[in-house]
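1. Sequence and predicted structure below; questions after.
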Amino acid sequence: MSFDTQDPIPVTVLTGFLGSGKTTLLNRLVRQPAMSNALVVINEFGDIGLDHRLVAQSDENSVVEMSSGCLCCTIRGDLSRTVQKTFDAIERAGGEPFSRVIIETTGLADPAPILHTLMTDYWLAHRLVLDGVICLVDAASGISTLNAHRESQRQAAVADRLLITKGDLVDEERLARLGEHLARINPAAEQVQVRHGQIAAEQLTGGSLSARQRGAEQWLSAASYAQVMPAGGAAPMNAGSLVSMMAPASRPSLTRHGEQIRSFCFTVEQPIAAERLEDWLDLLMSLLGEKILRVKAIVNVAGREQPLALHGVQHIFHPPEPLPVEACQDGISRFVFITNGVEPEAVTRLFDYFQPVQAT
Ligand SMILES: Nc1nc2c(ncn2[C@@H]2O[C@H](COP(=O)(O)OP(=O)(O)OP(=O)(O)O)[C@@H](O)[C@H]2O)c(=O)[nH]1
């Protein structure tokens, strides 16, 4: 394919720590006319990606998911292949060419290597031009997240625009403190408040970043040597006793992001009783608290026609959102956990602890 003669297509990198509101924002964004020809690439952390199911899509080809690893570490080359493949597919099908690309990173991604890939991969560098890095920061947990997680600082540091989400959950004073904190990390970035993902597409695009690209690249080269900082881990558990307590259907698959961050998911085939779900999540959060970074799930709750989407960020759970029936057509509940120093068995063992009593 000859691409030298084509105008480069703007690409926006959408980043922000776990649960900061990226999917919520994307969902609103893709419905706007300005985004009708946008390709959205969603990189999810975990073997069962859920975000792409939660993002509305007008066309099968306009939202692609990359969940085999994290873009910033294991699957950088895949970004180029995925975007190329999708561009080619739309061309072959005679569809309207993409006019914009949006890449949603995982919540734990260091955006620097992703920017580096966009700038150095032959195909990507010719076909795409970086339009901007947008970083979402959760007003409720922003300062503590920035202090605790190096990735979060990196995300804010390279952003061209900082979108402060969930301002409705905090008072003015807290918002102002977050604003000052962010300004110390990235004084150049414009700060914009966004409630429930409501923002005009035009506010996220069209930023002329030529002056800032240089700064980001310099920052990138330093960051590419940095490692995810190990945090204090949970005590290792006795694998033998744990395995025996886990039903095969809920055996987790495990991926790692650094030494202590673990992402895993498990599926539950039977509908889950609401009380069981509540008891399990309550106990989990009270026992493991801050070490549970993120819980996302699409749950088939017994007796409910509509599946529920659950979002937990650290120890805070947002109210469950009813989803259309199609979101869980096979009736299987899917949970994704991202934890810091918590073994997956600790989570699944608790789930099994609340097993319904079997008739003997
Ligand atoms: N109160 C409030 N809740 C919000 C706002 N924006 C997003 N949320 C909620 O925050 C939760 C997490 O939002 P997501 O959009 O899933 O966050 P994310 O950044 O995609 O999360 P990851 O995929 O884990 O990185 C959901 O329950 C949203 O409904 C907001 O402005 N105010």
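-> Structure's in. What do you need? Numbers count the residues shown, from 1 in each chain.

2. make it CA atoms for all contacts and neighbour counts henceforth
-> Will do.

3. Enumerate the residues of the protein near the ligand.
-> Within reach of the ligand by C-alpha under 6 Å from any ligand atom, the chain has these residues: 17-24, 106-107, 165-166, 168-169, 194-197, 294, 311, 318.

4. quick one: contacts for Asn147?
-> Taking C-alpha atoms under 8 Å, 6 or more residues apart in numbering as the definition of contact, the neighbours of Asn147 are Gln153.

5. Repeat the analysis, applying 10 Å as the threshold.
-> With C-alpha atoms under 10 Å, 6 or more residues apart in numbering as the criterion, the residues that contact Asn147 are Gln153, His181.

6. pLDDT averaged over the strand or helix carrying it, what's the number?
-> Under DSSP states H and E, the secondary-structure element containing Asn147 is helix 142-148. Here the mean pLDDT over helix 142-148 is 90, rounded to a whole number.

7. What of stretch 100-117?
-> 83.

8. how about the CA coordinates for that stretch, as CSV?
-> Included here for stretch 100-117 are C-alpha records, laid out as CSV according to Å, rounded to 0.1, in the frame of the first residue of the first chain:
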residue,chain,number,x,y,z
ARG,A,100,-9.0,10.0,13.0
VAL,A,101,-7.7,7.4,15.4
ILE,A,102,-8.2,7.3,19.1
ILE,A,103,-6.1,4.9,21.2
GLU,A,104,-7.4,4.2,24.7
THR,A,105,-4.5,2.9,26.8
THR,A,106,-4.9,0.6,29.8
GLY,A,107,-5.2,2.4,33.1
LEU,A,108,-1.7,1.2,34.1
ALA,A,109,0.0,2.1,30.8
ASP,A,110,3.0,4.4,30.7
PRO,A,111,2.0,6.4,27.7
ALA,A,112,5.6,7.3,26.9
PRO,A,113,6.5,4.0,25.1
ILE,A,114,3.2,4.2,23.2
LEU,A,115,4.1,7.7,21.9
HIS,A,116,7.5,6.4,21.1
THR,A,117,5.9,3.7,19.0
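
9. For it, list every residue counted as buried.
-> Using 16 or more other C-alpha atoms under 10 Å as the test for burial, stretch 100-117 gives 100-117.

10. mind listing the strands for the stretch 251-360 of the chain?
-> Secondary structure of the stretch 251-360 of the chain, counting by DSSP state E, counting those that start in this stretch: strands at 253-257, 261-268, 292-299, 308-313, 316-317, 321-322, 333-340.

11. let me fix that: the stretch 51-200 of the chain
-> For the stretch 51-200 of the chain, the strands defined by DSSP E, counting those that start in this stretch cover 63-66, 100-104, 128-138, 161-165, 190-194.

12. ok and the longest one relative to strand 161-165, angle-wise?
-> Strand 128-138 and strand 161-165 meet at an angle of 30 degrees, taking axes from the mean of the first three to the mean of the last three C-alpha atoms, to 10 degrees as the criterion.

13. So for strand 128-138, mean pLDDT?
-> Here strand 128-138 scores 89 as its mean pLDDT.

14. For that strand, which strands pair with it and how are they oriented?
-> Note on strand 128-138: by DSSP bridges, its sheet partners are strand 9-16 (parallel), strand 161-165 (parallel).

15. how about a markdown table for those, with mean neighbour count and mean pLDDT added?
-> Supplementary listing: these in a markdown table, determined by neighbours: other C-alpha atoms under 10 Å; pLDDT from 0 to 100:
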| stretch | mean neighbour count | mean pLDDT |
| --- | --- | --- |
| strand 9-16 | 25 | 92 |
| strand 161-165 | 26 | 95 |
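
16. For Gln153, find the nearest of these.
-> Taking C-alpha to C-alpha as the criterion, strand 9-16 is the member of the strands paired with strand 128-138 that comes nearest to Gln153, at 9.6 Å.

17. care to break the chain down by domain?
-> When the chain is parsed into structural domains using automatic domain parsing, the resulting residue ranges are 9-223, 239-353.

18. Which of these has the lowest mean pLDDT?
-> Of all the domains of the chain, mean pLDDT reaches its minimum on domain 239-353 (a mean of 71).

19. all helices of the chain, in order?
-> Here the chain has its helices, by DSSP state H, at 22-29, 51-54, 76-92, 111-120, 122-127, 142-148, 150-158, 172-185, 210-223, 239-245, 274-288, 344-353.
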